[in-house]
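1. Sharing a sequence plus its predicted fold:
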Amino acid sequence: MLSNRRIQELELVMEFEKVEECFKEVSSWIENVGRKGLKEMINLDDSLEMLLQTQKQFREFDLVASEYCKRGQEALKKMDRWEDFSSVDVQAYKVKLQTYREQLEEFCTQLDENRHRVCETVRLYEFFDKVR
């Protein structure tokens with residue numbers, strides 16, 4: 001049983017190394033492109049016209065960002081089996097996995113919040129534009 005468990009752990013390590021490339025790519029995109037894109041959407045313009053233009057840009061960004069979030073979540077899902085293993089050899093990989101998970105969850109949450117904020121701001125400006 002111990003031997004089987006050790007073989008399973010080694011298989012997981014090999015699987016992690018394959019999936020880690022995806023984690024690195026997603027993580028790199030989040031740090032180098034994604035966060036910058038979200039920061040650019042913080043200050044929304046005062047005119048409806050400019051706001052609609054910002055919304056269009058955000059939608060384009062959102063498509064790409066959502067795809068990276070999806071890829072990261074799929075990669076994390078492949079690693080769900082790690083929760084059952086507690087050996088010292090696997091611990092370092094679990095820490096890396098947790099770091100990737102936290103980074104991805106934080107970015108995806110910020111993306112959702114920005115999506116909602118941009119949409120609601122546009123709706124509000126459209127409403128006020130109709131009232132005038």
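-> Yep, it's here. Numbering: from 1, shown residues only.

2. so what does the helix or strand containing residue 53 touch, helix or strand wise?
-> Element membership for residue 53, per DSSP states H and E: helix 48-78. Using 3 or more CB pairs under 8 Å, 6 or more residues apart in numbering; DSSP states H and E, the elements in contact with helix 48-78 are helix 2-29, helix 88-131. (Each C-beta comes from the backbone N, C-alpha and C, glycine too.)

3. Can you check what pLDDT the model gives residue 126?
-> We note a pLDDT of 90 for residue 126 in this prediction.

4. check contacts around the closest residue to it other than its chain neighbours.
-> Of all residues not flanking residue 126 in the chain, residue 48 sits nearest, at 6.6 Å (CB to CB, 6 or more residues apart in numbering). With contact taken as CB atoms under 8 Å, 6 or more residues apart in numbering, residue 48 is in contact with 122, 125-126, 129.

5. Can I get those in a markdown table including neighbour count and distance to residue 100?
-> Converted to a markdown table, those look like this (neighbours: other CB atoms under 10 Å; distance: CB to CB, whole Å):
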| residue | neighbour count | distance to residue 100 |
| --- | --- | --- |
| 122 | 17 | 33 |
| 125 | 20 | 37 |
| 126 | 13 | 39 |
| 129 | 11 | 43 |
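
6. Count the neighbours of residue 75 for me.
-> The number of residues packed near residue 75 is 21, by other CB atoms under 10 Å.

7. The helix or strand of the chain with the lowest mean pLDDT packs against which elements?
-> When each helix and strand of the chain is scored by mean pLDDT, DSSP states H and E, helix 2-29 comes last, with a mean of 86. The contact analysis (3+ CB pairs under 8 Å, 6+ apart) places helix 2-29 against helix 48-78, helix 88-131.

8. what angle sits between that helix and helix 88-131?
-> Here helix 2-29 runs at an angle of 30 degrees relative to helix 88-131 (axes from the mean of the first three to the mean of the last three CA atoms, to 10 degrees).
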